[in-house]
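Peer 1: let's see this in three dimensions:
(one chain, ligands or ions: 1)
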Amino acid sequence: MKRIVILLSGRGSNMQAIVERCAEEGWDARVVGVASNRPGAAGLAWAAARGIATAALDHREHASREAFDAELARVIGLWGPDLVVLAGFMRILGNDFVRRHEGRLLNIHPSLLPAFSGLHTHRRAIEAGCKAAGATVHFVTPELDHGPIVVQAVVPVLPGDDEQSLSDRVLVQEHRIYPLAVRWFVEGRLRTEAGVVTQLDGAPQLYLA
Ligand code: GAR
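Peer 2: Residues are numbered from 1 along each chain as shown. Okay, here's the model as predicted:
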């Protein structure tokens, strides 16, 4: 059974989608721990209420990024993860952490990467006049919001959209593609070659709303 650890900073709706789909579909996997850099994160309370082990590590109590990353790696290491899933984890992880988990570290980003890495993706997509927006699940590499793309979902940007309406439309798709990507990983159905990820059953790696 594959052991999944989830890192988050807030609401945790992507974590919920993964936990629920794992149970509903009977994956040979289990979410064994959820950690947050924000002790008050709603996602932590949701996980704890379901009997999932949780850890809160306040990044403000660590002297440096390296010290925080090292403590985070130590704490989640105790859970023995096969896969570490970033689900709205709003801290940049340093090279050492990323290298230590490379190939078993996934992230979801609310844009069609490589467009709009970083923050405020929906606002920037609207301001740029984009007609499409979306979300990307990718393997994490040391360069922020880069790394081999596992799956993407595309949604239209509609006239009159604001940040909230667009992010709501994208979030629905996030909940669709993130559990898929995690399932593919735990079932060993992903291969990365020269930075390109292939789903070995030929399942679509692009979803349209
Ligand atoms: C999601 O939209 C996710 O794509 C985004 O944060 C939100 C977390 O929501 N992640 C990033 O912006 C990472 N750079 P959730 O806590 O409800 O899953």
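Peer 1: which parts of the protein sit against the ligand?
Peer 2: By CB under 6 Å from any ligand atom, the residues of the chain that approach the ligand are 8, 10-14, 43, 87-88, 108-110, 135, 171, 174. To be clear about C-beta, it is placed using only N, CA and C from the backbone, and glycine gets the same treatment.
Peer 1: now the strands for the protein?
Peer 2: 2-8, 29-36, 53-56, 83-86, 105-109, 132-139, 149-156, 190-193, 196-199, 206-208 (DSSP state E).
Peer 1: show me the contacts for residue 42.
Peer 2: When contacts are counted by CB atoms under 8 Å, 6 or more residues apart in numbering, residue 42 touches 10-12.
Peer 1: what's around the residue of the chain found nearest the ligand, how many residues?
Peer 2: Closest to the ligand within the chain is residue 88: 2.6 Å, counting by CB to the nearest ligand atom. Residues lying near residue 88 (other CB atoms under 10 Å) number 21.
Peer 1: ok, it to residue 53 distance?
Peer 2: Separation of residue 88 from residue 53 (CB to CB, to the nearest Å): 19 Å.
Peer 1: wait, isn't the residue of the chain closest to the ligand in contact with residue 38?
Peer 2: No. The criterion here is CB atoms under 8 Å, and residue 88 misses it with residue 38 at 10.2 Å.
Peer 1: anything in contact with each of these two?
Peer 2: Taking CB under 8 Å, 6+ apart as the contact rule, residue 88 and residue 38 both touch 9-10.
Peer 1: picking that back up, got JSON lines for the strands of the chain, with mean pLDDT and mean neighbour count too?
Peer 2: Output for the strands of the chain, formatted as JSON lines (pLDDT from 0 to 100; neighbours: other CB atoms under 10 Å):
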{"stretch": "strand 2-8", "mean pLDDT": "98", "mean neighbour count": "24"}
{"stretch": "strand 29-36", "mean pLDDT": "98", "mean neighbour count": "22"}
{"stretch": "strand 53-56", "mean pLDDT": "98", "mean neighbour count": "16"}
{"stretch": "strand 83-86", "mean pLDDT": "98", "mean neighbour count": "23"}
{"stretch": "strand 105-109", "mean pLDDT": "98", "mean neighbour count": "24"}
{"stretch": "strand 132-139", "mean pLDDT": "98", "mean neighbour count": "25"}
{"stretch": "strand 149-156", "mean pLDDT": "98", "mean neighbour count": "20"}
{"stretch": "strand 190-193", "mean pLDDT": "98", "mean neighbour count": "13"}
{"stretch": "strand 196-199", "mean pLDDT": "98", "mean neighbour count": "14"}
{"stretch": "strand 206-208", "mean pLDDT": "98", "mean neighbour count": "13"}
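Peer 1: I'd like the ones you listed laid out as CSV, including distance to residue 73.
Peer 2: Formatted as CSV, the strands of the chain follow (distance: least, CB to CB, whole Å):
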stretch, distance to residue 73
strand 2-8, 11
strand 29-36, 10
strand 53-56, 12
strand 83-86, 9
strand 105-109, 11
strand 132-139, 17
strand 149-156, 23
strand 190-193, 22
strand 196-199, 24
strand 206-208, 32
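Peer 1: nothing else from me, thank you.
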